[in-house]
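K.L.:
predicted model, plus sequence, below.
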Amino acid sequence: MKRHVLGQLEDIEDGTIQARDVGGRNVVIARHGDRIFALRDVCPHQGAKLSNGVMSCSRKNARVGEHHVNMDQPVIRCPWHNWEYDLDHGTCLTHPTPLAVAAYRAFVEDGQIIVET
Ligand code: FES
């Protein structure tokens, strides 16, 4: 496993995502509070760059006109067809077929963003 230092936590504004080259891989980095996430920057559906999407929180439909929002579960929404991927594991939350994008271990150590690939 290779360790990559991607700069300081404050280099990424809270609630935003950035496209990064991590050891030759296209990776989207997301910040949610003091947590950092890293996913492969390619949607497994049709190949959109997830870094062109938006970061949000998970929503589950309840009844018509009603949905539950989980602020503790950040997701990234693909810019092409709005499929959502859990930032912790890369699991697709909006499509019934089991599907996931590669997730890399990412964390903050001494104020620096670390990603392992
Ligand atoms: S390309 Fe991402 S949802 Fe279709």
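P.N.:
In hand now; what should we look at? Numbers count the residues shown, from 1 in each chain.
K.L.:
what comes up buried for the longest strand seen in the chain?
P.N.:
For the chain, the strand with the greatest residue count under DSSP state E is strand 67-77. Going by neighbour count (16 or more other CB atoms under 10 Å), the buried part of strand 67-77 is Q73, P74, V75, I76, R77. (Glycine included, C-beta is placed from N, CA and C.)
K.L.:
and which of those residues is nearest the ligand?
P.N.:
Using CB to the nearest ligand atom, R77 is the member of the buried residues of strand 67-77 that lies nearest the ligand, at 8.6 Å.
K.L.:
hmm, back to that, packing partners of the longest strand of the chain?
P.N.:
strand 25-32, strand 35-40, strand 54-61, strand 84-86 (3 or more CB pairs under 8 Å, 6 or more residues apart in numbering; DSSP states H and E).
K.L.:
for the ligand, which of those is the nearest?
P.N.:
strand 84-86 (8.8 Å).
K.L.:
and the ligand, is that closest one touching that?
P.N.:
No - Strand 84-86 stays out of contact with the ligand when judged by CB under 6 Å from any ligand atom, the minimum separation being 8.8 Å.
K.L.:
so for the residue most central in space within the chain, what's the pLDDT?
P.N.:
Residue closest to the average C-alpha location in the chain (CA atoms, centre = their mean): L87, at 3.9 Å. pLDDT, L87: 95.
K.L.:
likewise for C57?
P.N.:
Confidence for C57, expressed as pLDDT, is 81.
K.L.:
can I get the CA coordinates of stretch 28-46 in CSV?
P.N.:
Only the C-alpha atoms of stretch 28-46 are listed here, as CSV (Å, rounded to 0.1, in the frame of the first residue of the first chain):
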residue,chain,number,x,y,z
VAL,A,28,-11.8,12.8,-6.1
ILE,A,29,-11.1,14.1,-2.6
ALA,A,30,-14.0,15.2,-0.4
ARG,A,31,-14.0,17.0,2.9
HIS,A,32,-16.9,16.8,5.4
GLY,A,33,-16.0,18.6,8.6
ASP,A,34,-12.6,17.1,9.7
ARG,A,35,-13.2,14.0,7.7
ILE,A,36,-11.6,13.3,4.3
PHE,A,37,-12.7,10.8,1.7
ALA,A,38,-11.2,9.6,-1.5
LEU,A,39,-12.9,7.8,-4.4
ARG,A,40,-11.8,6.9,-7.9
ASP,A,41,-12.9,9.8,-10.0
VAL,A,42,-14.8,7.7,-12.5
CYS,A,43,-18.5,6.8,-12.2
PRO,A,44,-19.0,3.1,-12.8
HIS,A,45,-22.2,3.7,-14.7
GLN,A,46,-21.0,5.5,-17.8
